[in-house]
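[1] Got a predicted structure plus its sequence, pasted below:
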Amino acid sequence: MTANTAFIVKEAVIDTFVLTNVGIGHDVELFEGAGCKAAFADVNPPTVGAATISFGAGIAIARGQAISYGLGDSISAEIFLYGYKVPAADVPASTLVATVR
C-alpha cells in the first residue's frame, strides 16, 4: 500500500502444508493489528491444503493498520489476503475491524 491508500480484504486463503495434529489449539487465527490481540477469524484445518475464509463486503484496513496471524501447535501454513485498494480517506484510522467469527 502507499501513503494514500487503504485496503479492503475480501478473503483470506490459509494454505496449510504441515499438520501433525487436529483439534483445539491446532488452528490459524487472523488478528486486528500487529500484536495478535483481537482475533476476527479462525480456521481449524482438518488436513493439509487450502481453506478460504470469505469476508462478504470486506474487512477495512486503514493506512498504517495491520493484520497479524497466529499458528497453533503442529501447524505450518501460508496466509494470502485478497482484496482491493481504496483511497486512504475512505477508511479512517479509527475504523475497527468487524468481528466475523
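    Alright, I've got the coordinates. Given the structure is predicted, the values throughout are model-derived calculations rather than measurements. Residues are numbered from 1 along each chain as shown.
[2] from here on, contacts and neighbour counts on C-alpha atoms
    Fine.
[3] For F17, see how far away V91 is.
    From V91 across to F17, the span is 34 Å (CA to CA, to the nearest Å).
[4] so where is this protein shaky, pLDDT-wise?
    Of all residues in the chain, those with pLDDT under 70 make up the ranges 1-2, 93-101.
[5] let's see it at 90
    1-6, 21-26, 32-40, 57, 59-67, 72-74, 88-101 (pLDDT under 90).
[6] need the longest strand for it.
    Ranked by number of residues, the top strand in the chain under DSSP state E is strand 5-19.
[7] ok, then the element right after that strand?
    strand 28-32 (DSSP states H and E).
[8] Just give me how far that next one sits from the chain centre.
    Put simply, strand 28-32 sits 5 Å off its chain's centre (CA atoms, centre = their mean, to the nearest Å).
[9] Parallel or antiparallel, which strands does that strand pair with?
    strand 38-43 (antiparallel), strand 67-71 (antiparallel) (DSSP bridges).
[10] Would you convert those strands into a markdown table that also reports distance to I61 and mean neighbour count?
    Shown next, in a markdown table, are the strands paired with strand 28-32 (distance: least, CA to CA, whole Å; neighbours: other CA atoms under 10 Å):
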| stretch | distance to I61 | mean neighbour count |
| --- | --- | --- |
| strand 38-43 | 13 | 17 |
| strand 67-71 | 8 | 17 |
